[in-house]
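Chemist: Structure for this input, please:
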Amino acid sequence: MEKPQVLVTCDMLPPWPEILSQHCDVETVLDDNLTKDKIIKLLKDKDGLICLVSDKIDAEIINTCNQLKVISTYSVGYDHIDLSSATKNGIYVTNTPDVLTDATADLTWALLMSIARRIAESDKYVRDNKWKIAWAPKFMVGGDIFGQTLGIIGMGRIGQAVAKRAQGFNMKILYYDMFKPNPKIIKDLNLQYKNLDELLQESDFISLHVALNKDTHHIINKQKLKLMKSSAYLINASRGPVVDQKALTFALKNKIIAGAGLDVYEKEPIESNDPLLHLSNVVLAPHIGSGSITSRTKMAELAVNNLIYILQGKSPISLVNEKVLSVKSLSNMRMI
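Modeler: Below you'll find the model as predicted:
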């Protein structure tokens, strides 16, 4: 039996590239400017794809590459893949949930603490050789964290991990979610449900942990930002387009809110002329929520195993489009 042909668009951590190569003939293409035409050319004769969240796999690509059987995205998010087209064409789509929960929660807290205590701003101040007075009462005064109110929008795995860390800071924890967590989780984390407007009005810190869909696109917009306290901070380590970036920039410039910590943006990478780059009351990170060695290795493990299992005719660990099972059975996918 010939090995399946697989395209990989990322540089995965070892040993998973080697393990994948034991089962498949792998073509790895590392290209920051992977256009639609390039993807189609590379993918036409492939059975499987391991891609990044930055690789847009739309209907045209899916309909053109009719040999494709599985798309395994090296990410939790999968809004870059046309799920409807994939399902219609009998293509299995998988992602990498769970394994990056703690890393993303840690990064959320790094952003929160950095913007509240002006860490990035202070670092630049020292490096620019502006520190001339040893200490002054009003110098680099920031916001308090301990005992403050944290509002979490999206109480899934990552939201819960962020809440768990907030307990160590004796914070009052509010949450908003369309789906209520398990009652035990609510009790253990001492969570208080609020509608979205109430949460925005009452919180000192607001942290976003929602998937991107039609309901969450621009869930934080001009009107919602106006509801926040002028002393409040917004943290986003979920998906860029859940925040209206233009409205956020206006709110930061005009001190409608105190500051923001961002790991994601409406357009990534952020453009060189983006006005956010010139504001001191925002901390910017380059989409590194999952950026720990452990998390990235586990993501590679999950992405590779999902693809291999499907090509073995076995159930994957994290199937996104379950409706595909009624279009093409797993037994028909077996190539290994």
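Chemist: helices or strands up against the longest helix seen in the chain?
Modeler: Counting residues, the longest helix in the chain under DSSP state H turns out to be helix 293-311. For helix 293-311, the packing partners by 3 or more CB pairs under 8 Å, 6 or more residues apart in numbering; DSSP states H and E come out as helix 16-23, strand 48-51, strand 70-73, strand 92-94, helix 101-116. Every C-beta, even on glycine, is put in place using the N, C-alpha and C of the backbone.
Chemist: what about the stretch 1-150 of the chain, any weak spots by pLDDT?
Modeler: Scanning the stretch 1-150 of the chain for pLDDT under 70 picks out nothing.
Chemist: ok, back up a step: and the helices and strands packed on helix 293-311: which comes nearest residue 325?
Modeler: strand 92-94 (8.6 Å; CB to CB).
Chemist: which residues in this protein form helices?
Modeler: With DSSP H as the criterion, the chain has helices at 16-23, 36-43, 59-64, 83-88, 101-116, 119-127, 157-167, 183-188, 196-202, 222-227, 245-253, 293-311.
Chemist: Rebuild these as a markdown table, extending it with distance to residue 51 and mean neighbour count.
Modeler: Output for the helices of the chain, formatted as a markdown table (distance: least, CB to CB, whole Å; neighbours: other CB atoms under 10 Å):
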| stretch | distance to residue 51 | mean neighbour count |
| --- | --- | --- |
| helix 16-23 | 14 | 16 |
| helix 36-43 | 9 | 16 |
| helix 59-64 | 10 | 17 |
| helix 83-88 | 12 | 18 |
| helix 101-116 | 20 | 22 |
| helix 119-127 | 32 | 13 |
| helix 157-167 | 22 | 21 |
| helix 183-188 | 33 | 12 |
| helix 196-202 | 33 | 17 |
| helix 222-227 | 32 | 16 |
| helix 245-253 | 25 | 18 |
| helix 293-311 | 9 | 22 |
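Chemist: Ok, which of those comes nearest residue 142?
Modeler: In terms of CB to CB, the element of the helices of the chain nearest to residue 142 is helix 101-116, at 5.3 Å.
Chemist: helices and strands around the closest one, which ones?
Modeler: helix 157-167, strand 205-208, strand 233-236, strand 259-262, strand 282-284, helix 293-311.
Chemist: can I get these in JSON lines with mean pLDDT and distance to residue 21?
Modeler: Output for the helices and strands packed on helix 101-116, formatted as JSON lines (pLDDT from 0 to 100; distance: least, CB to CB, whole Å):
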{"stretch": "helix 157-167", "mean pLDDT": "98", "distance to residue 21": "31"}
{"stretch": "strand 205-208", "mean pLDDT": "99", "distance to residue 21": "38"}
{"stretch": "strand 233-236", "mean pLDDT": "99", "distance to residue 21": "37"}
{"stretch": "strand 259-262", "mean pLDDT": "98", "distance to residue 21": "37"}
{"stretch": "strand 282-284", "mean pLDDT": "98", "distance to residue 21": "37"}
{"stretch": "helix 293-311", "mean pLDDT": "98", "distance to residue 21": "10"}
